[in-house]
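Visitor: Predicted model, plus sequence, below.
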Amino acid sequence: MKTTQPATIKQQTSNIDNQPSTPSAVALQAYQGHRTRGVGQDEILPLLPLVRKIARRAVSYLKPPLSFEDLVSAGTVGLLKAARDFDASQGAEFKTYAYIRIKGAVLDELRRASLLPSGVNRQIRRALETSRQIAEQTGTPPTDEELAETLGIPVAEVYALFESARARHFVSLEALHEEQPALAGLLATAPTEAPHRLLEKAELIEELTQALQELDERRLQIIVLYYQQHLTMKQIAEVLEITESRVSQLHASALFCLSVRLESWKDDG
């Protein structure tokens with residue numbers, strides 16, 4: 001009698017998210033023969049949707065030629081390296097360890113793709129310094145239109161700078177050890193920490209709260225919906241009845257405004 005062979009990893013991964021076989025499956029096949037610590041397919045396969053979830057969270061920060069599947073592939077490699085290196089004697093759960101390695105791999109891929117030409121970095125620094133000067137003179141950050149006029153460039157170029165700055169600072173916005181972005185952690189209830197850490201966080205939250213209050217209503221809505229309610233850009237666009245690209249612009253603009261305020265606070269501190 002002919003016995004039915006269990007499905008290979010490549011066959012099983014083709015069913016994840018109803019997606020066809022991708023570089024993730026190739027990476028998983030390459031993993032065969034490299035298991036050294038007893039982490040098997042039964043532990044790896046359930047975490048493949050987590051790879052896509054982490055990659056999907058970073059989609060808004062993508063810049064060509066990097067694609068969503070590139071992030072999925074990088075995250076899958078991170079998962080496989082986690083399986084290869086995992087040491088159960090350290091007391092951590094494999095899922096927790098794998099999450100850190102997956103997210104680290106995705107962030108590394110984004111970091112490599114977010115390297116900006118020196119000219120763009122100079123423009124970003126100029127925009128930041130100009131915004132700080134205007135905020136110091138007027139007490140409030142400039143509008144996007146005011147910043148564009150002061151810099152002598154079209155508003156569209158200002159938004160392009162905002163999005164480049166957002167991509168550059170993505171790693172600082174994402175905490176490797178947390179499920180949600182660092183900013184989301186500040187907007188939510190903080191866990192119990194050491195007293196000096198609580199004091200530092202309290203000061204930062206106070207400054208962040210003030211900075212948020214200086215945002216206009218639309219940008220504040222986007223920050224809250226994205227970081228506190230965990231909606232995607234597409235979902236926010238539907239809620240606010242604007243285009244997804246406009247949500248992305250306003251999100252980048254809001255982060256730029258917050259970074260100007262928090263950088264000033266850090267320098268004063």
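Guide: That came through, no problem. Note that this is a predicted model, so its numbers are computed, not measured.
Visitor: going forward, measure contacts and count neighbours with C-alpha atoms only.
Guide: Will do.
Visitor: Name the residues of stretch 225-239 that are buried.
Guide: Leu225, Tyr226, Tyr227, Gln228, His230, Leu231, Thr232, Met233, Ile236, Ala237 (16 or more other Cα atoms under 10 Å).
Visitor: which of these sit farthest apart?
Guide: Gln228 and Ala237 (15.9 Å; Cα to Cα).
Visitor: Quick check: Tyr97 vs Ser89, distance?
Guide: Tyr97 is 13 Å from Ser89, where distance means Cα to Cα, to the nearest Å.
Visitor: Neighbour count for those two, which is higher?
Guide: Comparing Tyr97 with Ser89 by other Cα atoms under 10 Å, the one with more neighbours is Tyr97, at 18 against 7.
Visitor: What's the separation between that one and Arg57?
Guide: Separation of Tyr97 from Arg57 (Cα to Cα): 19 Å.
Visitor: go on, Ile124?
Guide: The gap separating Ile124 from Arg57 is 24 Å, by Cα to Cα.
Visitor: the more surrounded of the two?
Guide: Neighbour totals were compared for Ile124 and Arg57, and Ile124 leads with 19 against 15 (other Cα under 10 Å).
Visitor: ok, for the more buried one, nearest residue in space, not its chain neighbours?
Guide: Closest residue to Ile124 apart from its sequence neighbours, by Cα to Cα, 6 or more residues apart in numbering: Leu161 at 6.1 Å.
Visitor: Now name the helix or strand holding that neighbour.
Guide: If you go by DSSP states H and E, Leu161 is part of helix 155-168.
Visitor: Output the contacting helices and strands for that helix.
Guide: Here helix 155-168 touches helix 118-138, helix 144-151, helix 244-268, going by 3 or more Cα pairs under 8 Å, 6 or more residues apart in numbering; DSSP states H and E.
Visitor: Which of these comes out lowest on mean pLDDT?
Guide: Per-stretch mean pLDDT for these is lowest at helix 244-268 (a mean of 80).
Visitor: relative to helix 118-138, how tilted is that helix?
Guide: 70 degrees (axes from the mean of the first three to the mean of the last three Cα atoms, to 10 degrees).
Visitor: contact partners of helix 244-268?
Guide: Outside helix 244-268, the residues within contact range by Cα atoms under 8 Å, 6 or more residues apart in numbering are 60, 128, 131-132, 141, 144, 159, 162-163, 165-166, 207-208, 211-212, 215, 219-220, 222-223, 233-234, 236-237.
Visitor: before we move on, back to that, how far away is the residue nearest to Ile124 from Ser131?
Guide: Going from Leu161 to Ser131 by Cα to Cα gives 13 Å.
Visitor: neighbour-wise, which of the two wins?
Guide: Under the criterion of other Cα under 10 Å, the comparison of Leu161 against Ser131 puts Ser131 first, with 25 against 21.
Visitor: quick one: contacts for the more buried one?
Guide: Pro141, Pro142, Leu147, Val260.
Visitor: for Ala135, same thing?
Guide: Contacts of Ala135 (Cα under 8 Å, 6+ apart): Pro141, Pro142.
Visitor: For burial, what's the neighbour tally of Asp144?
Guide: Other residues near Asp144 come to 20 when the count uses other Cα under 10 Å.
Visitor: okay but it is in contact with Ile153, surely?
Guide: No - taking contacts as Cα atoms under 8 Å, Asp144 lies outside contact range of Ile153: 10.9 Å.
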